[in-house]
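Asks: With the input below, show me the fold.
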Amino acid sequence: MKGKKENSFLEGSVFGALIRFAVPVLGALILQAAYGAVDLLVVGRFGDAASISAVGTGSSFMAMVTFVITSLAMGATVTIGQHIGEKKPKEAGDTVGTTIVLFAVLGIVLTALLEVFVGQIVGILQVPEESVAKTILYIRICSGGILVIIAYNVISGILRGVGNANLPFIFVGIACVFNILGDLLLVGVLHMDVAGAAIATVGAQFVSVICSLWVLKRTDLPISFSTEQCRIYGRELQKLLQVGVPIALQEATVQISFLVVNSIINQMGLMPSAGYGVAQKLVSFIMLVPSSVMQSVSAFVAQNIGAGKKRRAMKGFTTAMATGIAVGVVMFCIGFFCGPQLSSLFTKDGEVIVQSAAYLRGFSADCILTCILFSSIGYFNGCGKSIPVMLQGVTSAFFIRIPVSIFMSRLPGASLALVGLATPITTVYGIIFFMICIAWVRRKEK
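Replies: Residues are numbered from 1 along each chain as shown. All right, here's what the predicted structure looks like:
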C-alpha cells in the first residue's frame, strides 16, 4: 500500500492540525472505554455487587494489559511518523513489518502467561472473597483474546503514525456496537453474567479486526509496504524498542500502581470495592481528553522532528496543553459535582453510588492537571526521548501514588475521597518532573 498525500502536520495551522487529529482519536478512545463501561453497566443492571466488583477489578487488570500494549505500539507510531517526516516510505513499511512480527510473538507469550497465572493475579489484587471466582473467569476469557486486542492496537498505532486517526475511530465504533449487542444478548437475555460480558468484549474486538483488515487492503497510505516485509528489520526494531519499551515500562508501572490502589480499596470491603469499580469506569471516560491530547502531540511532534521543524513541534506541545486545560476545567466540574448522577448510570445500589461519588470528588482535580502532564509525555515521546517518560512513571508510581494511597487509606475515618486525592498529588509531581526536564533540554540545546 502506497499513498500519495502529504500530511498536514508539517504545514498550516498547528491548532487546526491537532484538532483534526485529536477529535477522531478522542472519539475512538471514548468508544474503546465504552467496552468495559458497557460490561459494567449491563452487569450492574442484571447482576449483584459481587459481579460489579469482579468486572470492575477484572476489566481494570485487562485495561492495564491493553495500555501496556498500546504504549509499546507507540514506538511504532513515533518511528513511522518520523520516517514520514523524513519522506522515507520504504523505511516506514519496514517498521510496519517488524511491528507485525514482534507483536504476534508478544501476543502468544502473553496469552500463555495470563491463562496459567490468573489465579495468582487475582490473589495479588486482594479481590473480595465473594468475587474471586467471577474475577478469575472474566480475566481468563478476556486473556484468551489477547491476540485480538493486540491486532487492533497495532493497526491503530500504525495508522496514527501516518497521521490517520479516522480509520481507528471507525474500527472501534464497529467494535463498540457489537459489544453492546453482545452484552445485551449474553448478559441481559441469556443471564451469563460476567462470562457473557467477557465473551461479548472479545467477540466485538474480533469483528473490528476483521473489518479493519478488509478496509486496509483497499486504502492508500503514505508508506510502501508488502507482505514480504513482514519480518524483523534490526534497525527498525531497535528504533521501535528504544521508544516503545520505556513508554511501556512507564505505563506498566503506572497501571500496576493503580492495581495496588485497587487492592488497597478491596481490603476496605465489598461496597468500597464495587464503588471504586464504578468510579474507575467513569474516570476512564473523564481521562480520555488528556489521553487524546497525548497521542495527538506524539504524532504531531514525531513528524515535525523528522522534518527538522523543532520550533513547530514545540508550538504543537504548548497549543495542545492550553487546549487540554480548557477542556479539563469542564471535566473537573462534571466529576466533582455530578458524581452521584454519573454513578447511578452503572448501578442502582445506593451505597455503591455513595462510594463511587466520594472517590470522584477526591480524584476530579486530576482532570485539569493531567492535561499538562500528558502533553509533556506526548512531546517527549514524539521526540523519541522516552527515558524521561519512563523515569517519571516509575518514580511517581512507587514513590508517590502507592505510598500516598496507603497513607490516605489508614487515616482515621478514611474514605474513597481521601484515597482519590492520591492521583492529583501524583500528577503534580509529574508536572514538576517534566518542567525540570524541559528546562534542562532547552539549556543543553543552547
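Asks: Please compute how far stretch 300-312 lies from its chain's middle.
Replies: 24 Å (Cα atoms, centre = their mean, to the nearest Å).
Asks: since we're on residue 432, how many residues are nearby?
Replies: 12 (other Cβ atoms under 10 Å). In short, each C-beta sits where N, CA and C put it, glycine included.
Asks: Tell me how far it lies from residue 369.
Replies: 11 Å (Cβ to Cβ, to the nearest Å).
Asks: ok, now residue 97?
Replies: Relative to residue 369, and taking Cβ to Cβ, residue 97 is found at 39 Å.
Asks: ok, which stretches of the stretch 1-150 of the chain are helices?
Replies: 14-46, 49-85, 89-124, 132-143, 146-161 (DSSP state H, counting those that start in this stretch).
Asks: which ones are touching residue 374?
Replies: Each residue near residue 374 by Cβ atoms under 8 Å, 6 or more residues apart in numbering is listed here: 290, 291, 293, 294, 297, 324.
Asks: which of those lies closest to residue 129?
Replies: Distances from residue 129 to the contacts of residue 374, taken as Cβ to Cβ, are shortest for residue 291 (34.0 Å).
Asks: so who does the closest one touch?
Replies: 29, 374.
Asks: right, and the secondary structure at it would be what?
Replies: helix (DSSP: H, G, I helix; E, B strand; the rest coil).
Asks: returning to what we had before: so for residue 260, which of the helices of the stretch 1-150 of the chain sits nearest?
Replies: The nearest among these, by Cβ to Cβ, is helix 89-124 at 9.0 Å.
Asks: what about residue 333, how many residues close to it?
Replies: 12.
Asks: any idea how far it is from residue 364?
Replies: Taking Cβ to Cβ, one finds residue 333 at 8 Å from residue 364.
Asks: do the same with residue 425
Replies: In terms of Cβ to Cβ, residue 425 sits 13 Å off from residue 364.
Asks: neighbour-wise, which of those two wins?
Replies: Legend: neighbour count by other Cβ under 10 Å for residue 425 and residue 364, higher for residue 364 (24 against 18).
Asks: give the contact list for the more buried one.
Replies: 286, 331, 332, 335, 336.
Asks: Just the pLDDT for it.
Replies: Confidence at residue 364, expressed as pLDDT, is 89.
Asks: next one: residue 137
Replies: 92.
Asks: Double-check it against residue 197; I have them as touching.
Replies: No - look at residue 137 against residue 197 with Cβ atoms under 8 Å: they stay out of range, at 10.1 Å.
Asks: Quick one: mean pLDDT over stretch 294-307.
Replies: Mean predicted lDDT for stretch 294-307 stands at 86.
Asks: swap in stretch 257-264?
Replies: 82.
Asks: from here on, count from 776
Replies: Sure, I'll start counting at 776 from here, so that last one is stretch 1032-1039.
Asks: residues in contact with it?
Replies: So stretch 1032-1039 is in contact with 832, 835-836, 839, 899-901, 1051, 1055, 1171-1173, 1176-1177, 1180-1181, 1184, 1194, 1197, going by Cβ under 8 Å, 6+ apart.
Asks: Buried ones among these?
Replies: Buried members of these, scored by 16 or more other Cβ atoms under 10 Å, are 832, 835-836, 839, 900-901, 1051, 1055, 1171-1172, 1176-1177, 1180, 1184, 1194, 1197.
Asks: which of these lies closest to residue 935?
Replies: residue 839 (21.0 Å).
Asks: which one is the closest one nearest to, not counting chain neighbours?
Replies: Excluding the flanking residues, the one nearest residue 839 by Cβ to Cβ, 6 or more residues apart in numbering is residue 1030, at 3.5 Å.
Asks: on that earlier part again, comparing residue 912 and residue 972, which residue is more hemmed in?
Replies: residue 972 (32 against 18).
Asks: Of the contacts of residue 1139 - the most surrounded one?
Replies: Most surrounded of these: other Cβ under 10 Å gives residue 1110, at 27 neighbours.
Asks: looking at the helices of the stretch 776-925 of the chain, which is buried most?
Replies: Of the helices of the stretch 776-925 of the chain, the one with the most neighbours on average (mean count of other Cβ atoms under 10 Å) is helix 824-860, at a mean of 26.
Asks: contacting residues around the helix or strand hosting residue 952?
Replies: According to DSSP states H and E, residue 952 maps onto helix 941-958. Here helix 941-958 makes contact (Cβ under 8 Å, 6+ apart) with 799-800, 802-803, 806-807, 809-810, 813-814, 817, 927, 930-931, 934-935, 971-972, 974-976, 978-980, 982-984, 986-987, 990-991, 994.
Asks: Lovely, talk soon.
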